[in-house]
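*Asks:* fold the following for me, if possible:
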Amino acid sequence: MLYRFIGYAIVSEDGMLADIAGVIPPSLIVKADQEFFMRGLDAAAALVHGRNSAEQPTSPLRRRLIATRKIPATAPAGDNPNALLWNPQGVPVDDALNRLGVQGGDIAIIGGTDIFGAFLPRYDVFHLTRVPDVVLPSGRPVFPGVPAQSPETLLKTAGLAPGMAQSLDPERGITVVSWRRGEA
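*Replies:* Predicted structure coming up:
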């Protein structure tokens, strides 16, 4: 089984995914980023996210692991055969993906904070979109350790290197940088 773990996050200037209440403000919703994100999800063999991540209209159609501490290992996610509840402490992600019927391919990691942090040692690629004109004091950070350290510092410490910034919204200065493992 060969999996490629690919993270997707859009963050504020201070590295936050959402405000203090866990709500993604409209200022962090960028059409070009949403299109980039959806293309990534469409190409993924499966998704991994926390139980509080926002549902998309296509969520029930996608294979996905929903991380939760409320079960010992894995369990059905209601009546959705494409989803499996997964306790990261109870069973390795590779085993959980196998139980989901995913034998390999790109696995999209889409949050929240603890899930993004848990995969730092395993990312092959992490697409980090920055919105420079938004600050969310005491918000929900992309990784544990933010804001004391920047998301970029944590990605670099985990062995990833930045590629060239791609402009998503030149007027607002919004860019996405794809951090890759093993690049200089």
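*Asks:* so which bits of stretch 174-184 are buried?
*Replies:* 174-181 (16 or more other Cβ atoms under 10 Å). To be clear about C-beta, it is placed using only N, CA and C from the backbone, and glycine gets the same treatment.
*Asks:* for stretch 73-93, same thing?
*Replies:* For stretch 73-93, by 16+ other Cβ under 10 Å, it's 74, 77, 83-88, 91, 93.
*Asks:* in helices, which of those residues appear?
*Replies:* Val93 (DSSP state H).
*Asks:* closest to Ala108 out of the buried residues of stretch 73-93?
*Replies:* Using Cβ to Cβ, Val93 comes nearest to Ala108 of the buried residues of stretch 73-93, at 12.6 Å.
*Asks:* okay, which residue is most central for this protein?
*Replies:* Most central in the chain under Cα atoms, centre = their mean is Ile110, positioned 2.5 Å from the mean C-alpha point.
*Asks:* pLDDT value on it, please?
*Replies:* If you check Ile110, the pLDDT there is 95.
*Asks:* would you confirm that it contacts His49?
*Replies:* Yes: counting by Cβ atoms under 8 Å, Ile110 touches His49, with 4.6 Å between them.
*Asks:* who's in contact with the residue nearest to the centre of the chain?
*Replies:* Residues in contact with Ile110, defined by Cβ atoms under 8 Å, 6 or more residues apart in numbering, are 7-9, 37, 41, 47-49, 53.
*Asks:* next SSE after the biggest helix by length in the chain?
*Replies:* Across the chain, the longest stretch assigned as helix under DSSP H is helix 31-43. Downstream of helix 31-43, the first helix or strand assigned by DSSP states H and E is strand 46-50.
*Asks:* thinking again about what came up before, which residues are in contact with the longest helix of the chain?
*Replies:* 6, 8, 10, 47, 56, 58, 62, 106, 108, 110, 127, 129, 168-169, 174, 176.
*Asks:* could you list the buried residues of that helix?
*Replies:* Buried-residue list, helix 31-43, by 16+ other Cβ under 10 Å: 33, 36-37, 40-41.
*Asks:* format the residues you listed as TSV; extra columns: pLDDT and distance to Ala21.
*Replies:* Formatted as TSV, the buried residues of helix 31-43 follow (pLDDT from 0 to 100; distance: Cβ to Cβ, whole Å):
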residue	pLDDT	distance to Ala21
Asp33	96	21
Phe36	96	26
Phe37	94	22
Gly40	95	27
Leu41	94	25
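*Asks:* need those residues in a markdown table (columns: distance to Val102).
*Replies:* Shown next, in a markdown table, are the buried residues of helix 31-43 (distance: Cβ to Cβ, whole Å):
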| residue | distance to Val102 |
| --- | --- |
| Asp33 | 26 |
| Phe36 | 23 |
| Phe37 | 20 |
| Gly40 | 16 |
| Leu41 | 14 |
